[in-house]
Each structure stands twice: as structure tokens, then as C-alpha cells.
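Quick one, fold the following:
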Amino acid sequence: MRPKARCAVAGIVVVLACLRMPAALAADGATVAPNDVVFYAELSGEAAEELVGMAALPPVAGLFLQAPMRTPFGGVNQMLGLPQGSLDRAAPHVESLAVIVDDRGPAVLVGFDEARWPQSLLEGIERRAGSDLAFLGGEVVGLARDEFLVLGTELACERLARGDYAPLASDAAFAEARAGAADARLWGYLSAPRLIDAILAEADDFTATDIQMFVRAAGLDRAKYATLTARRAEEAAAGELKVMFDSEDAPVVALLPEAAAEVASQVPGEAAAALLVNWGDASTFFNGILDIATDVDAAVGRGTFQDDLTQAEAGLGFTLDALFAQLGSGAAVYLPRPADRELIDRQDWVAVLLLDDAQGFEASLKRLMMNAVGQPPMPQPFEGVQMFRLFMPPAFFAVQEDRMVMGGSPQAVKACLDWQGLPERTGLEAAAGGEPLVLLFRADLGTLLSSYPTAEPGVKLVLTARRRGPEITLAAGYEDFDLESVYRAYATGYVSVMAAFLMPALGRARGEAQKAQGRANLHNIGLGLAMAENDNNGQLPDSLEDIYTLGYLDAEEMFVDPADKAPVQRGDLGLRYSYEYVGSIPGDVSPGTIICYTRRGVHPEGRSVLCRDLAVLWVTEWQLQADAGDVRTSLRASYDAVVEAFGDELTPERDAELRKFYQVEP
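Numbers count the residues shown, from 1 in each chain. Predicted coordinates for the structure are as follows:
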């Protein structure tokens, strides 16, 4: 954007925040705006009145105007170089407001109830000889044209002063787009062909060629116009961007489904956040994307895209067409509402992928993992469900007859499967509305940005993308949202939002420091146990208290993890402990066997463990509780190793102690 255009935008923003208008949309601006504008927008009087009320608040006056607020618009008068009190006297007489943008820059059209107001506002302002243009502050130019005050760039105002153009109101596409927008608080019209031309005009030759090829391949050159509409009812608000094409045959339109999302019923309606994608027929959708990419690649003269696909298929071990045929109509990712941790680093996320060929998809996924990391997904049975574990990315999944459920932990996958098995359940069907759907994002921002589990529901955000015939609509909606209340409490809200992001980070930093100290404690405990073992003919002591009384560890605080708020007191000396110890075990047990660990619950997501070879590791809780795994990370595997080392010498009493320590059910 040119420097003058940038300066004009600053003035336009100020005027938008300062002028009152009637409740209905102002149609008069379209009778003055040229019919070749790239963008045109109207604002309702009700919305402008709210902006006026908010603009009078001290934070805005201090932040933007940086001038004494002797009158409501005193700072704006000063900024634009207008006489003091001018805007205050003229504001009640404003009847319409519109914004236009074309290749000459932006301009604001302010309509008054009488022609004398534009003239009086610009009276005494510097003008060039023979020109009607008034040069205001910040390189903003003003023009009085009948009942309209025009504020914008010099080029834009010069053309409006000449009036040698057809008005936008006479344009057929504009009239078609504007139908039904009377109740909007904000309505905008974007000419798609002119926008593409404007983008190409600003791009260099090489980039412009690529853009042209993509536009043609995707069928974007067949877009007629786009409209932006904002509406509000009480504490709910909605915005909508609609793109209209000349037919349904444009590739970018044809590849989008015109059907309700089946996957919506597989996601809990009470999820704190959910992202749902509906692609309909997977082969049509994904091959359509590949076709567009291939056409663009061929058009710009590269011609290597298909070779890259063939090479990728060779690496995968199967064709993409075969994979697309195995997929169902959509997928979703969500975070459940109940949780006891921050938004970041949660392991309870769940993804659901609908499948048409579950058996074939499972085989393809295993083949993909073999080619990618050299090993197939590891079987991981959990509570009667056959699951598999992925290492890249770290996740668990289970394949059912018509879907795959993946999660950050086996508990998350099992919880989703249990919910899906309920005879009566409420999914995202209500949010989807049963209408054509391409994308749905739904989130309770109050819950996501607050600490669990005490978060109160707050602003709810819903984003959707839909296709109806040749029309694609992107919409954003808010519930429990009061603009003025949010604005007036912006300082508190800013601090709260920053705290929501910073406190988890600070908490994690503190938690990591505590974990590090806990591991250091275990390391020192391990050294004490090793010295005691060396002095006792290779026999480990029976308790941690022994290494303290025998002088191998002389600091009581070594037995307490800094994160433990309630260490357990036991033994004759009454020492406090954050660590559990297995006691004496055979010396020939596997070196990786777990012999000591942090008590369960000190760190919610896992524990530090001390192995027989004195290695200290951090292990997540689900790894410790896994039925199978490495002796260094699985309590069950370590128990089996100790039992094997005892052999026939293991007594029932000692076995009961081992089961208690390793948390193994009889």
C-alpha cells in the first residue's frame, strides 16, 4: 500500500470510531461510490453508536488520540486539523457511512442530513487553487460533495470530485449481493475479479504467473464476488464471508461436499474444543486437490509434481488412490471438557477418522510406519481394547469397523470408545445443524484459557465452512459475548489471558525444576544404596532408612521430593519420604529393573524412577502402568524380572510385598 493510502487508513479508522448513524444500513454511499471499486462496506448506526461510546473511554483517548479530551471528539478535530467543536456539532446529523477501496486508495463517505455540514466542516481548510480538495492532517484529503463528506487519498477524492463514472448502485452483481443484508450491522462487498487484478498488479512477473496459473486451475477466476456480513443479537454475534461463483463446476467448488458431516456424531457435544473436517468422498476431494496442484505445476513449466507423487507412493509402499478409497467421509480432533491440567501439553486429545475399509487402512498404516521408522505400531492392549502405540507422533490408536480412534494416551482412546458405545449420547450434530458442512471448529474459550478443573464457561466460538451450490460460506459466531463489557474490562481480560498463557509456562518451569531436584535426590539415594550393597556382600539394604542410619546418606531432605506437599512419615526415626523402595532383591536381577520411584501423585503426569544400574529416568504414568514394555519404564515388566530372579526362593509374603511395590494385581 502506498504511503498516502496508509495515512488515509489511520484517518478512516478514527472517523469510523467517532460518528453516529441511524440503525439501518446506509445505502446512499453506493450512489456515490464508483462501480469499479474493489471493496465497499457499510456500517449500521447501532454499531457506530457503540463505537462512539467506547471511543469516549479514557483508555482509547490516551492510547490513540494522545490529546486532552475536552470534548468527545476534541482529539480527532486536532488530528485532522479541524476547528475545535466541529465534529461535536456535526455528528448528530450523520445519516450514512460507507468505506470504499480501489486502485486509487481508500476513502470514507459520510452522509449528512444537510449539504451544509460537509461544507462547514471543511471551511477554512487549505485548498489548492482551482481545486475542491481540502488537505487535512496526516495526508488525509477531504471533499464536500452534496450531502457527503469524503475523506481519503488524494487520487480517490479527485475522481469522486469529477464524478465521471457510473455509480456502484447500478452494478448488477452488487445489487444481487446486497439483497437481504438490511439487518446487518456491517456489510461489505468485494469484487473478486478486481481483487485478483489488484493482486496481480502488485506482484512481480514471476509471482504473477504462478498466481494466474493457480487461479485458473482452482477456478477462482470464476468467482463473481464475496460479501462480508456481521450480525448481532443480545450476547451473540456472527460474521459471515460468502464467496459466489458463476457455477458449481469450478474445481475449488466441485471438490467440496454439499452434505452434512457424518463424523459429527462421533465427537462429544460437550467437548471443550473440537475441529471437524468433512470432505465427503475422499477420492474426489483429495484427488481434486492433487489435480489442481498438477495443473499448476504443469502450467508453470515444472512438470515434476506427478514424478514426486510416484516417488512418494514408492516410499509408502501403496498408491494414494488405494489410501483414499480406504478413508471415510471426514475426521475430527477434540479436547474433552473435564481435565486436571493446562491447555498446553495435554495428553487427553482425541482424533476420530471415519473409514470405508478399516482392515485395509490398518494394513496401510502399519506399512507406512515400517517404511518411516523401521517398525510397525506396537500392540498395546488396554482394558480389554486392542490398541497400538505410535512413536512418531507419540500416540495410541484403535481401529474399529468404520473408524479409527487415536489419542495422546490409552485412557483417552478408551474414554472416546466408551462414549461412542453409549445408546444415547449428544454429539456435535447440534452445532453442525444438519446442514451442508465442510469444516467446523467449536471452542469454549473461557474453559480453554482458564485453569482446570475449576474453569467457568466463557465466550463460545464457532467457525464453520459450508458449500451450497455455487456458494462457499465461511462463518464465525460468538455466544455469551458482550462487546462493551469486554472492552471496559480489557485490562483485566488482558492480564487474565496473559496469565492463562504465562502461568502454565511458569508452572511448568517450576515443575521441571522440581522434577530435576527429585531426580537428583534419587541419584543420591542410588549412590547410597550402591555403597551399602558393596559393604554388605552384594546385598541391597532392606529399607531407605538403613542407608541413613549407616551414614551412606546424611541429609534427611534427600528423601523428600520438593513437589511433595505431604511426604509419608515412617520408620523408627520418623523420617519423611517421597520415594518408595523395593527392598532387598537378588543381585543378578536385570540391570534396568526399577527399584525405587517417586510416590504416585507427587507429579500428576508421571514419576522419576531409579533403576538397578543407578540410572534415573522420568517415566509417564501410562508407561509405568502398561502391561508390557521395557523393564526401565514398566512396573509390570520390572516385577516379572524380579520374580524371575528370585525363582523358587520367592515366598508368598515377599511376593505380596513385590506386588504392592510394583502395583501388580494378584
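
only C-alpha atoms for contact and neighbour calcs from this point on.
Noted.

Where do the helices of the stretch 401-550 of the chain begin and end?
410-420, 429-432, 445-448, 483-488, 490-535, 544-549 (DSSP state H, counting those that start in this stretch).

Would you single out the least confident of those?
Among those, helix 483-488 has the lowest mean pLDDT, at a mean of 45.

who does the strand or helix carrying residue 397 touch, helix- and strand-wise?
Assigned by DSSP states H and E, residue 397 belongs to strand 394-399. In terms of contacts (3 or more C-alpha pairs under 8 Å, 6 or more residues apart in numbering; DSSP states H and E), strand 394-399 is packed against strand 388-391, strand 403-407, helix 410-420.

what angle separates it from helix 410-420?
Counting by axes from the mean of the first three to the mean of the last three C-alpha atoms, to 10 degrees, strand 394-399 lies at 30 degrees to helix 410-420.

returning to that earlier point: need the helices and strands packed on strand 394-399 in a markdown table with distance to residue 214, can you?
Formatted as a markdown table, the helices and strands packed on strand 394-399 follow (distance: least, C-alpha to C-alpha, whole Å):
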| stretch | distance to residue 214 |
| --- | --- |
| strand 388-391 | 37 |
| strand 403-407 | 34 |
| helix 410-420 | 40 |
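
Tell me which of the ones you listed lies nearest to residue 164.
Judged by C-alpha to C-alpha, the one of the helices and strands packed on strand 394-399 that comes nearest to residue 164 is strand 403-407, at 62.5 Å.

Now do the SS call for the spatially closest residue to residue 522 that is not a sequence neighbour.
Excluding the flanking residues, the one nearest residue 522 by C-alpha to C-alpha, 6 or more residues apart in numbering is residue 610, at 6.3 Å. At residue 610, secondary structure determined by DSSP: H, G, I helix; E, B strand; the rest coil is strand.

Help me confirm that residue 610 comes into contact with residue 595.
Yes: counting by C-alpha atoms under 8 Å, residue 610 touches residue 595, with 5.9 Å between them.

Which other helices and strands does the helix or strand where residue 283 lies contact?
Here residue 283 sits within helix 282-299, counting by DSSP H and E. For helix 282-299, the packing partners by 3+ C-alpha pairs under 8 Å, 6+ apart come out as helix 205-218, helix 305-316, helix 320-326, strand 327-335.

who's in contact with residue 348?
Counting by C-alpha atoms under 8 Å, 6 or more residues apart in numbering, residue 348 touches 335, 336, 407, 408, 409, 411, 412.

what's the weakest-modelled helix or strand in the protein?
The helix or strand of the chain with the poorest confidence is helix 3-16; it has a mean of 40 (mean pLDDT, DSSP states H and E).

continuing past it, what's the next helix or strand?
Next in sequence after helix 3-16, counting helices and strands by DSSP H and E, comes strand 39-43.

Tell me where the stretch 551-666 of the chain has strands.
Applying DSSP state E, counting those that start in this stretch to the stretch 551-666 of the chain gives strands spanning 568-570, 575-577, 579-581, 594-598, 606-611, 616-620.

which stretches of the stretch 501-650 of the chain aren't confidently modelled?
For the stretch 501-650 of the chain, the stretches with pLDDT under 70 are 501-509.

that older thread, switch the helices and strands packed on helix 282-299 over to TSV; also include mean pLDDT, distance to residue 424 and mean neighbour count.
Shown next, in TSV, are the helices and strands packed on helix 282-299 (pLDDT from 0 to 100; distance: least, C-alpha to C-alpha, whole Å; neighbours: other C-alpha atoms under 10 Å):
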stretch	mean pLDDT	distance to residue 424	mean neighbour count
helix 205-218	84	42	17
helix 305-316	77	40	14
helix 320-326	88	28	17
strand 327-335	93	20	23
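
winner for burial among the helices and strands packed on strand 394-399?
strand 403-407 (a mean of 24; mean count of other C-alpha atoms under 10 Å).

Can you list the strands that it pairs with?
Paired with strand 403-407 in the same sheet, following DSSP bridges, are strand 350-355 (antiparallel), strand 394-399 (antiparallel).

Just give me the lowest mean pLDDT stretch among those strands.
strand 394-399 (a mean of 88).

who does the residue nearest to residue 522 bridge with?
Beta-bridge pairing of residue 610 under DSSP bridges involves residue 596, residue 616.

give the contact list for it.
Residue 610 neighbours (C-alpha under 8 Å, 6+ apart): 522, 523, 526, 594, 595, 596, 597, 616, 617.

Now do the same contact list for the fourth one.
Under the criterion of C-alpha under 8 Å, 6+ apart, the neighbours of residue 594 are 609, 610, 611, 612, 631, 632, 633, 635, 638.

what about it, distance to residue 642?
Computed as C-alpha to C-alpha, to the nearest Å, the residue 594 to residue 642 distance reads 9 Å.

Mind telling me what element residue 367 is part of?
helix 358-373.

Hey, what's the angle from that helix to strand 394-399? Just curious.
160 degrees.

who's in contact with helix 358-373?
Contacts of helix 358-373 (C-alpha under 8 Å, 6+ apart): 315-318, 323, 326-327, 355, 375-377, 392, 399-404.

same thing but 7 Å
Counting contacts by C-alpha atoms under 7 Å, 6 or more residues apart in numbering, the residues outside helix 358-373 that touch it are 315-317, 323, 326, 375-377, 399-403.

Among these, which one lies nearest to residue 215?
Looking across those and measuring by C-alpha to C-alpha, the closest to residue 215 is residue 323, at 28.1 Å.

for the nearest residue to residue 352 once chain neighbours are set aside, what are its contacts?
Excluding the flanking residues, the one nearest residue 352 by C-alpha to C-alpha, 6+ apart is residue 405, at 4.7 Å. Contacts here follow C-alpha under 7 Å, 6+ apart; on that basis residue 405 touches 351, 352, 353, 397, 398, 399, 413.

6 Å - rerun?
351, 352, 397, 398 (C-alpha atoms under 6 Å, 6 or more residues apart in numbering).

Between the helices and strands packed on helix 282-299, which one is closest to residue 473.
Among the helices and strands packed on helix 282-299, helix 205-218 sits nearest to residue 473 (C-alpha to C-alpha), with 16.9 Å.

Tell me which other helices or strands the closest one touches.
helix 282-299 (3 or more C-alpha pairs under 6 Å, 6 or more residues apart in numbering; DSSP states H and E).

ok, residues contacting the helix it packs on?
Residues contacting helix 282-299 (C-alpha under 6 Å, 6+ apart): 213, 214, 217, 218, 255, 303, 305, 324.

circling back: quick one: the residue nearest to residue 352 and residue 354, what's the gap?
Counting by C-alpha to C-alpha, the gap from residue 405 to residue 354 is 9 Å.

Relative to residue 581, how far out is the residue lying farthest from the centre of the chain?
Ranked by distance from the centre of the chain (C-alpha atoms, centre = their mean), the top residue is residue 537, with 59.7 Å. According to C-alpha to C-alpha, residue 537 and residue 581 sit 20 Å apart.

do residue 394 as well
Separation of residue 394 from residue 581 (C-alpha to C-alpha) stands at 30 Å.
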